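Q: Next one to model:
(2 chains)
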2 protein chains.
Amino acid sequence: MSAFTPVVLWMTGLSGAGKSTIAFALEKKLQSENVLCEVLDGDVLRNGINKGLGFTEADRYENIRRTAEIAKLLCSNNFIVICSLITPTNDLRDIAKSILGDKFKLVHIATSLEICKKRDVKGLYGKALKGEIPNFTGISAPFDAPEKAHFIIDTQNQSENQSVEALYAFLRDLH
Amino acid sequence: MSAFTPVVLWMTGLSGAGKSTIAFALEKKLQSENVLCEVLDGDVLRNGINKGLGFTEADRYENIRRTAEIAKLLCSNNFIVICSLITPTNDLRDIAKSILGDKFKLVHIATSLEICKKRDVKGLYGKALKGEIPNFTGISAPFDAPEKAHFIIDTQNQSENQSVEALYAFLRDLH
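A: You can find the predicted model right below:
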């Protein structure tokens, strides 16, 4: 048996905050210890199970709902699931929580909008600022800082590796 | 390591053919041997990830597409996945195959319409014959016998247990 309790780490944060980077690094670490773990990455899912969904409020809702259902299925098979999706509002986070119950652990990747804009790894903020991407979180759509995160990751004052270690420790200490 | 190759057993057959019964019995047997296995059952999924989808052609397509995507995800995590969905036409089976590639193993639960109607475990055939259920496979919607099943289960001349054992042996001998 794994020493870890199967839960769903729901990583919320702005585009470019580092959600997927941390998610995949943690998955790699857990899998190297033979812990069942799967990342459900928003961008990846939008090319598969969530193909055809956009970024309107209704589509974001459906995107979160389906992802939470898949996470639930995996979690019931003893997986640690790491969901990496912007999930910009408390209402959207509540959908996931309503499906996952106590398994839902909200992790806020708390990189500021200023830093995400400055990094702009995928060039999306530049385009959004020019009005080329509608409903872009932080620019033309809201991001509410979560009120009830179970864990907050401060990527500004710690390295990627430190962030992964911190999240690993959080997971290990869950009961 | 498990002796089994992770594949997706895609169980096609009429309502009442015995798909889910055999699927869950095989899952139980495999799990008792510590083989990772998960049933994706059409009826169950329609209350979760596939909620809101009906039985029109477009909705059946989307139902199959999403289910195949989830099966793919599980299979890539070394699960044996057993999909139990009517999947009434070759076109619909081809959607699943196009997503799953070589992992897709089509299993035909070949119980005849006559026997399914006679059993009518859920009382659905009676309702469908009275016109109370639109698009009901075998009554008001087509079921094409599959042209290219990898395995056929004859529930008429063998017991449930024999069917499960036959499918288990098929799975064990896959390479």
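
Q: List the buried residues in the helix or strand of chain A with the lowest mean pLDDT.
A: Least confident helix or strand of chain A, by mean pLDDT, DSSP states H and E, is helix A:42-45 with a mean of 90. If you call a residue buried by 16 or more other Cβ atoms under 10 Å in any protein chain shown, then helix A:42-45 has these buried ones: A:42, A:45. In short, each C-beta sits where N, CA and C put it, glycine included.

Q: Next, see if it gets close to chain B.
A: No - looking at helix A:42-45 against chain B by Cβ under 8 Å from any Cβ of the partner chain, there are no contacts, and the closest approach is 8.6 Å.

Q: which strands and helices sit next to that helix?
A: helix A:57-75 (3 or more Cβ pairs under 8 Å, 6 or more residues apart in numbering or on different chains; DSSP states H and E).

Q: Contacts for the helix it packs on next, please.
A: Helix A:57-75 is touched from outside by A:6-8, A:10, A:38, A:40, A:42, A:45-46, A:49-50, A:53, A:81, A:83, A:85, A:87-88, A:92, A:95-96, A:99-100, A:103, B:38, B:48-49, B:66, B:70, B:73-74, B:77, with contacts defined as Cβ atoms under 8 Å, 6 or more residues apart in numbering or on different chains.

Q: Just the buried residues of that helix, please?
A: Those would be A:60, A:62-75, for helix A:57-75 by 16+ other Cβ under 10 Å.

Q: Kindly report the same for stretch A:80-90.
A: For stretch A:80-90, using 16+ other Cβ under 10 Å, the buried residues are A:80, A:81, A:82, A:83, A:84, A:85, A:86, A:87, A:88, A:89.

Q: mind checking the end-to-end distance for it?
A: Stretch A:80-90 has an end-to-end distance of 23 Å (criterion: Cα to Cα, to the nearest Å).

Q: Is chain B within reach of it?
A: No - counting by Cβ under 8 Å from any Cβ, chain B has no neighbours in stretch A:80-90; the shortest distance is 10.8 Å.

Q: any idea how far the closest residue to residue A:129 other than its chain neighbours lies from residue A:120?
A: Among residues not flanking residue A:129 along the chain, residue A:139 sits closest, at 6.1 Å (Cβ to Cβ, 6 or more residues apart in numbering or on different chains). With distances taken as Cβ to Cβ, to the nearest Å, residue A:139 is found 11 Å from residue A:120.
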